[in-house]
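In: Need a 3D model of the following:
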Amino acid sequence: MNDKIDIFYAMEYINIIGNRILKVWITPKYIFAAKVKGFTSEYTGISFYDQNLAIHPLLRLEPKAYVNSKEENKYSRFFFEKMSPQQFMRLNKENFVIHKNKIKRVDYTKKKKWGMGNYPHTGRIFIKTEKNEFNKKNNREFIIIADQNIERIMSILVKNHEI
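Out: This is a model prediction of the structure:
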């Protein structure tokens with residue numbers, strides 16, 4: 001990683017019980033969030049772990065274990081310093097882009113997210129922003145999955161931005 005872009009992985013809840021895994025790139029102007037895995041569940045109801053659904057217990061502290069590598073690789077050739085929101089949205093309609101200059105507030109809580117079971121997570125980041133054509137929600141909640149440095153993530157999110 002360089003000084004211009006930082007990356008973290010998060011889960012976002014969708015409609016009460018659904019969720020998806022996001023890879024998030026923070027640039028000086030934008031926050032790009034890409035869906036890199038669909039629904040994830042702790043328990044599949046069967047005696048073995050379905051790797052497409054559940055994360056093996058021994059890998060749960062590693063953020064990359066939550067990612068579908070095929071989906072993540074779609075983004076490996078892009079220069080996010082030069083990427084426009086329009087280009088990014090063409091890659092997947094479930095992606096979103098937050099304009100950093102439209103952020104009204106960033107908050108963090110260590111409080112665990114209900115429904116996460118035994119999945120380790122470092123808390124939640126809440127971003128209050130404006131809706132636009134690239135971001136259809138005023139409020140975004142990022143559940144920071146696995147073992148990630150929350151202090152680093154928060155410092156990059158609020159860098160050059162008054163909260």
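
In: for the helix or strand of the chain with the lowest mean pLDDT, packing partners?
Out: Here the helix or strand of the chain ranked lowest by mean pLDDT, DSSP states H and E is helix 150-158, holding a mean of 90. Applying 3 or more Cβ pairs under 8 Å, 6 or more residues apart in numbering; DSSP states H and E, we find helix 150-158 packed against strand 6-14, strand 105-109, strand 121-128. In this view, the C-beta of every residue, glycine as well, is placed from N, C-alpha and C.

In: mind checking which of the ones you listed is nearest Leu91?
Out: Closest approach to Leu91 among those is made by strand 6-14 (15.9 Å; Cβ to Cβ).

In: And the helix or strand following the closest one, what does it pack against?
Out: Next along the chain after strand 6-14, taking DSSP states H and E as the criterion, comes strand 18-26. Secondary-structure packing of strand 18-26 (3+ Cβ pairs under 8 Å, 6+ apart): strand 6-14, strand 30-37, strand 139-145.

In: So for Val97, which of these sits nearest?
Out: strand 30-37 (5.4 Å).

In: The closest one pairs with which strands?
Out: As defined by DSSP bridges, the strand partners of strand 30-37 come to strand 18-26 (antiparallel), strand 96-99 (antiparallel).

In: pLDDT of the last one, averaged?
Out: In this model, strand 96-99 has a mean pLDDT of 97.

In: which parts of it are buried?
Out: Within strand 96-99, the residues scored as buried using 16 or more other Cβ atoms under 10 Å are 96-98.
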